[in-house]
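Asks: could you look at this predicted model? Sequence included:
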Amino acid sequence: MKAKSANELRKLSAQCRKNILRMIRANGSGHLGPAYSCIDIVTALYFYGMNVDPKDPEKADRDIFLLSAGHKGMAQYAALAEAGFFDKSILDTFGQFRSRIPGHPDMHKIPGIEANTGSLGHGLNLACGVALGKRQDGLNSRVFVIMGDGELAEGSNWEAAAIAAHYKLDNLVVFVDHNGLQISGLTKDVMSFEPVADHFAGFGWATTEINGNDEEEIMNLLDRLPLCKGKPSLIVANTVKGTGFSKTAGKAGCHYWAPCAEDMALAEHELDECLAGLEK
Amino acid sequence: MKYEMMDAKKIIGEVILSEADQNPNVVVVSTDSAPRTGMGGFIEKYPGRYYEVGIMEQAAVGVSAGLATTGKIPVFCAPAPFVTARPFEMFKIDVGYMHQNVKAIGRNCGFNYSDLGPTHYGLEDIALVRLIPDVAVLAPADASQLRGALRAMVRYDGPVYLRISTAPIPKLFDEADFEIGKGIVVREGKDVAIIVTGEVCKNVLEAADQLEKSGVSAKVVVLPTIVPLDEEIIRKAASETGKIVTVEEHYVVGGLYSAVSEVCARTAPVSVKAVGVPHMYLSAGPYADLMHYCGLDPEGIAQSVSAFIRQ
């Protein structure tokens, strides 16, 4: 299932965006902005970067993906369904009572989910524990985390930042989905953690910046991990919230999106056009 | 009563090391706290299975949960408020909701840090952890139960919280298998049932002796497990005596009194009297003075029971 080219990944990302719309269509609303923002990275991880197997989702040497910003859960469901971890028909249950894909991920409900996230500031400490355990077992497994940039305000993250550097966890790779927007407005206005990379570098992480919506840049990044032997890797992924639909791209208001029928149809149409363009 | 006093920290260290010898998945997580919890032997023997994270309790719980994802059995031990209240949400979500096989030990519970005051009292830990579904809560009454409870905790498949003081603790009972969820009747009686959890049990046994001399026959039930609760033993005590007194070194809100009262209100309505710590910020001071103020010394317990059965 590994993508062989950036263009192939772009098609998969567009298809995953369609899966996200399918979930929003089922529920009437959802965290579209955050899910669209990080979906190119999530898709690249499942279809290019990570050692995972939908037929054996709990194999011991797998790479582990933890979505610390659990409200982006639709992005993970979209990629898991696309990769065959579960049947796509489950996407239509999003929002239903006892759905196997609740708004925030639940590891006990569906294959491929590794933690119950959604409350911010939990994923990075969990990731440190997993990375330590994998290393103790002598496994080459890596742990990949996606955090939100607004999430950086949770102090527990900085406890984890210290631990990861102290234990030299170079099997830990963290993407900060740096779309610059949170519910109340610009992240730098609400509570600034700029420059993000410098803060992590101060703790002893290796850092870099990429365009987190550019498949080629993401693939190149995944090819050169860890950024530095003996250090955890922090990638500031500059992204656009809601990118993939003309009416939501760059808009804080799309954090939680409840579209009218026309906007839903237009969003689907734009993705179909995008896919058609990528097929040429 | 005569009994031997033992070092709880030494017992914790010995049992965890022994379990670690038998199970390579046992690891220890520390917040600058393990060396002072008797883990020196473990640290020396298994440095690669020892994770010191510094004074970061939120991280310690999250890291423990992450280690459990890889099949480890993390044992995290620190003063009770810093295992429960401080990282409560991590405990709730990363351990409880995720149902991770993490073993948390809240040491120095109750008034153990009596000279420090409310910042370090462990008086709400049972209440907090009891709120989290599916986490077993253990409070051994003596050195023998502590040994058994530690072994059972490590071998249990699921999250466990164990509270213990680390002042010298008495050896009241013979060593026996510890079954999580089972209470023990340690003294029969017909006028009243005293239900107790934790090391204050020794004061209850002395109170029962005093009561007997004044003609009161008190049944004593020890509950070293609060979750899951031995409801049957509570119902039986209620039906046999018609009056229950709970005794705990914990706030009278949310702990043993609440747990026992919930069972009685639902299935065996009898009067339940609480002997415990009043819901307030109590001053620092000598341990004996605090226990006396709360009526948790043997005389105070006997007086409360006598007054209650005369009502």
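Replies: Perfect, I can see it now.

Asks: how many neighbours does residue A:168 have?
Replies: For residue A:168, the count of nearby residues is 15 (other Cβ atoms under 10 Å in any protein chain shown). In this view, the C-beta of every residue, glycine as well, is placed from N, C-alpha and C.

Asks: separation between the closest residue to it other than its chain neighbours and chain B?
Replies: Residue nearest to residue A:168 in three dimensions, not counting chain neighbours: residue A:230, with 4.7 Å by Cβ to Cβ, 6 or more residues apart in numbering or on different chains. Separation of residue A:230 from chain B (Cβ to the nearest Cβ, to the nearest Å) stands at 17 Å.

Asks: can you name the residue of the stretch 51-200 of chain A nearest chain B?
Replies: residue A:129 (2.0 Å; Cβ to the nearest Cβ).

Asks: what about the helix or strand where that residue lies, average pLDDT?
Replies: If you go by DSSP states H and E, residue A:129 is part of helix A:123-136. The average pLDDT within helix A:123-136 is 98.

Asks: helices or strands up against it?
Replies: For helix A:123-136, the packing partners by 3 or more Cβ pairs under 8 Å, 6 or more residues apart in numbering or on different chains; DSSP states H and E come out as strand A:64-67, strand A:143-148, helix A:156-166, strand A:172-178, helix B:57-69.

Asks: got the CA positions of it in CSV?
Replies: Below are the C-alpha coordinates for helix A:123-136, written out as CSV (Å, rounded to 0.1, in the frame of the first residue of the first chain):
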residue,chain,number,x,y,z
GLY,A,123,-0.1,12.5,23.5
LEU,A,124,3.5,13.6,24.0
ASN,A,125,3.9,12.0,27.4
LEU,A,126,2.2,8.8,26.1
ALA,A,127,4.6,8.9,23.2
CYS,A,128,7.6,9.1,25.4
GLY,A,129,6.4,6.0,27.3
VAL,A,130,5.9,4.1,24.1
ALA,A,131,9.2,5.2,22.7
LEU,A,132,11.0,4.1,25.9
GLY,A,133,9.2,0.8,26.0
LYS,A,134,10.0,0.0,22.3
ARG,A,135,13.6,0.9,22.9
GLN,A,136,13.8,-1.3,26.0
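
Asks: tell me what angle it forms with strand A:143-148.
Replies: Angle of helix A:123-136 versus strand A:143-148, following axes from the mean of the first three to the mean of the last three Cα atoms, to 10 degrees, is 170 degrees.

Asks: still on that earlier bit, pick the most buried one from the helices and strands packed on helix A:123-136.
Replies: Among these, helix B:57-69 has the highest mean neighbour count (mean count of other Cβ atoms under 10 Å in any protein chain shown), at a mean of 30.

Asks: tilt between that helix and strand A:143-148?
Replies: Taking the same axes, to 10 degrees, one finds that helix B:57-69 is oriented at 140 degrees with respect to strand A:143-148.

Asks: and helix B:57-69, how far out from the chain's middle?
Replies: Here the centre of helix B:57-69 is set off from its chain's centre by 22 Å, with Cα atoms, centre = their mean, to the nearest Å.

Asks: which SSE is immediately downstream of it?
Replies: For helix B:57-69, the following helix or strand on the C-terminal side (DSSP H and E) is strand B:73-79.

Asks: what segments of the chain are strands?
Replies: Using chain A here. Ranges of strands in chain A, per DSSP state E, are A:64-67, A:143-148, A:172-178, A:181-182, A:185-186, A:206-211, A:233-238.

Asks: my bad, chain B
Replies: With DSSP E as the criterion, chain B has strands spanning B:4-6, B:26-30, B:50-52, B:73-79, B:103-107, B:136-138, B:160-163, B:169-171, B:184-187, B:192-196, B:218-222, B:225-227, B:243-251, B:271-277.

Asks: how about JSON lines for the ones you listed, with mean neighbour count and mean pLDDT added?
Replies: JSON lines is the format used below for the strands of chain B (neighbours: other Cβ atoms under 10 Å in any protein chain shown; pLDDT from 0 to 100):
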{"stretch": "strand B:4-6", "mean neighbour count": "13", "mean pLDDT": "95"}
{"stretch": "strand B:26-30", "mean neighbour count": "24", "mean pLDDT": "98"}
{"stretch": "strand B:50-52", "mean neighbour count": "20", "mean pLDDT": "98"}
{"stretch": "strand B:73-79", "mean neighbour count": "28", "mean pLDDT": "97"}
{"stretch": "strand B:103-107", "mean neighbour count": "27", "mean pLDDT": "98"}
{"stretch": "strand B:136-138", "mean neighbour count": "26", "mean pLDDT": "98"}
{"stretch": "strand B:160-163", "mean neighbour count": "28", "mean pLDDT": "98"}
{"stretch": "strand B:169-171", "mean neighbour count": "21", "mean pLDDT": "95"}
{"stretch": "strand B:184-187", "mean neighbour count": "17", "mean pLDDT": "98"}
{"stretch": "strand B:192-196", "mean neighbour count": "28", "mean pLDDT": "98"}
{"stretch": "strand B:218-222", "mean neighbour count": "25", "mean pLDDT": "98"}
{"stretch": "strand B:225-227", "mean neighbour count": "24", "mean pLDDT": "98"}
{"stretch": "strand B:243-251", "mean neighbour count": "26", "mean pLDDT": "98"}
{"stretch": "strand B:271-277", "mean neighbour count": "22", "mean pLDDT": "98"}
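
Asks: before we move on, the earlier item: so which of the strands of chain A is nearest residue B:183?
Replies: strand A:64-67 (39.9 Å; Cβ to Cβ).

Asks: give me the mean pLDDT for that closest one.
Replies: According to the model, strand A:64-67 has a mean pLDDT of 98.

Asks: what do you get for stretch A:199-214?
Replies: 98.

Asks: mind listing what's buried in it?
Replies: A:199-200, A:203-207, A:209-210, A:212-214 (16 or more other Cβ atoms under 10 Å in any protein chain shown).

Asks: is chain B within reach of it?
Replies: No - Stretch A:199-214 stays out of contact with chain B when judged by Cβ under 8 Å from any Cβ of the partner chain, the minimum separation being 12.7 Å.

Asks: can you get me the start-to-end distance on that stretch?
Replies: Separation of the first and last residues of stretch A:199-214 by Cα to Cα, to the nearest Å is 24 Å.

Asks: taking the stretch 51-200 of chain B, what residue is nearest to chain A?
Replies: For the stretch 51-200 of chain B, Cβ to the nearest Cβ, closest residue to chain A: residue B:66, 2.0 Å.

Asks: let's see stretch B:42-59 as PDB, backbone CA atoms only.
Replies: What follows is stretch B:42-59, C-alpha atoms only, in PDB (Å, rounded to 0.1, in the frame of the first residue of the first chain):
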ATOM      1  CA  PHE B  42      15.400  -2.600  41.900                       C
ATOM      2  CA  ILE B  43      17.300   0.400  40.600                       C
ATOM      3  CA  GLU B  44      20.600  -1.300  41.200                       C
ATOM      4  CA  LYS B  45      19.600  -4.600  39.700                       C
ATOM      5  CA  TYR B  46      17.500  -3.300  36.800                       C
ATOM      6  CA  PRO B  47      18.800   0.100  35.700                       C
ATOM      7  CA  GLY B  48      17.400  -0.500  32.200                       C
ATOM      8  CA  ARG B  49      13.900  -0.900  33.600                       C
ATOM      9  CA  TYR B  50      13.900   2.200  35.800                       C
ATOM     10  CA  TYR B  51      12.600   5.400  34.400                       C
ATOM     11  CA  GLU B  52      13.200   8.500  36.400                       C
ATOM     12  CA  VAL B  53      11.300  11.500  35.000                       C
ATOM     13  CA  GLY B  54      12.000  14.100  37.700                       C
ATOM     14  CA  ILE B  55       9.300  16.000  39.600                       C
ATOM     15  CA  MET B  56       6.700  15.800  36.800                       C
ATOM     16  CA  GLU B  57       3.700  13.800  37.900                       C
ATOM     17  CA  GLN B  58       1.500  14.500  34.800                       C
ATOM     18  CA  ALA B  59       4.300  13.100  32.700                       C
END
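
Asks: okay, and the beta partners of residue A:67?
Replies: Under DSSP bridges, the beta-bridge partners of residue A:67 are residue A:146.

Asks: my guess is it contacts residue A:144, does it?
Replies: No - using Cβ atoms under 8 Å, residue A:67 is not in contact with residue A:144; the gap is 9.5 Å.
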